[in-house]
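Enquirer: Mind looking at a prediction? Sequence and model below.
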Amino acid sequence: MKKNVKVMFFTPHPDDIELGCPFIYLEAIRLGNEVIEVLMTNGEYGTTNNDFKGKRLSRIRMVELDRANKAFEKGMNNKIRVVKLGYIDGHLPLNKESVQRVFDLLKKEKPDIVITCDPWYAQDFHEDHLNTGRTVYFALKKFKPAELPKKILYYLSTRTDFYVKCRWKDFKIIKEALAEHKTQYTALENKLIILMYNKFAILRHLFEKCSISESFREQRVLNGELEPPEKFEKMSFRKRSRYYTYSTVTIWGYMKLIDMSLEELGLISKFDLSDTLKNREPRYTYKYLKKKR
Ligand SMILES: [Zn+2]
């Protein structure tokens with residue numbers, strides 16, 4: 001990564017930087033670049049303990065986010081700016097309003113690099129993750145070619161093609177940051193995430209690319225237009241099966257968390273709820289992507 005650039009990270013939940021792209025985040029801070037984290041939701045649902053769900057959890061998670069970012073900033077002489085869009089956890093809409101808000105933000109900030117969840121070939125088919133990628137994708141589509149960021153990268157992707165060198169010793173800092181999300185992980189889970197997810201992924205790159213790196217999918221721009229996702233029918237069998245596996249398996253992990261209604265949590269009244277649901281897109285599964293073509 002270069003110096004003197006503005007990097008904008010979009011995250012659905014307070015702990016997604018640590019899970020999805022911690023090394024590039026840390027590197028951007030270390031280089032003294034302007035780093036903005038755009039947090040899409042308030043994280044109200046991220047627990048299996050029903051007593052905590054709702055505003056109470058959200059407040060705790062915002063403190064955790066702040067502490068995690070302090071862990072990243074430690075000794076770096078740089079400050080992360082957090083922009084909170086305030087959508088409800090598990091209910092981030094993909095509609096005109098959300099796309100417009102992201103568009104306005106991008107227009108105002110003019111980042112050189114945009115990093116967001118993979119909108120199409122995701123590792124995690126949590127709807128908020130998909131919609132974080134998709135609101136950014138559709139917001140960027142509204143830009144003129146000359147106004148587009150220089151680089152658009154997707155994390156938590158199953159089709160990585162862009163590798164950013166990273167430092168193995170940074171695991172120490174990432175572990176510290178991850179440990180701040182106390183409502184999310186126990187110390188053991190923290191260790192497992194670092195080992196299973198991050199370290200394995202990085203070792204895999206070491207064998208593939210002979211370097212220690214974090215991987216992304218780069219959004220290609222063809223004749224000034226963002227390249228659309230590949231048509232489902234055109235996907236190879238391998239890609240199709242991979243897509244099918246990820247889109248059906250990962251949704252279950254999150255369905256367990258979204259088991260209380262918004263009204264129960266006191267987050268929204270009956271009338272708002274019907275409105276929110278109207279604005280929601282159908283579930284993004286394999287069928288949905290197929291239908292969309
Ligand atoms: Zn998340």
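Expert: Arrived safely, thanks for sending.
Enquirer: ok, the residue in the stretch 1-150 of the chain positioned nearest to the ion - contacts?
Expert: Going by Cβ to the ion, the ion is nearest to residue 13 of the stretch 1-150 of the chain, at 3.6 Å. In short, each C-beta sits where N, CA and C put it, glycine included. By Cβ atoms under 8 Å, 6 or more residues apart in numbering, the contact set of residue 13 is 39, 40, 41, 43, 46, 61, 89, 128.
Enquirer: And the fifth one, what's its pLDDT?
Expert: The score at residue 46 is 74. That number is its pLDDT.
Enquirer: Pull the contacting residues for it.
Expert: Contacts of residue 46 by Cβ under 8 Å, 6+ apart are 13, 14, 15, 57, 61, 89, 183, 184, 257.
Enquirer: on that earlier part again, which of the contacts of residue 13 fall in strands?
Expert: In this view, these that belong to strands under DSSP state E are 39, 40, 41.
Enquirer: I'd like to know which of the contacts of residue 13 is nearest to residue 177.
Expert: When the contacts of residue 13 are ranked by distance to residue 177 (Cβ to Cβ), residue 61 comes first, at 13.7 Å.
Enquirer: Check whether residue 126 really touches residue 16, as I assumed.
Expert: No - using Cβ atoms under 8 Å as the test, residue 126 is too far from residue 16 to be in contact (9.6 Å).
Enquirer: Please name the nearest non-neighbouring residue to residue 199.
Expert: Excluding the flanking residues, the one nearest residue 199 by Cβ to Cβ, 6 or more residues apart in numbering is residue 171, at 7.1 Å.
Enquirer: ok, and of the contacts of residue 13, which contact the ion?
Expert: Here nothing survives when the contacts of residue 13 are matched to the ion using Cβ under 5 Å from the ion.
Enquirer: Confidence-wise, which of those residues comes last?
Expert: Lowest in pLDDT among these is residue 46, which has 74.
Enquirer: For that residue, what are phi and psi?
Expert: Here is the backbone geometry of residue 46 (degrees, to the nearest 10): phi -70, psi 50.
Enquirer: Could you report the distance from it to residue 156?
Expert: Using Cβ to Cβ, to the nearest Å, one obtains 16 Å as the distance from residue 46 to residue 156.
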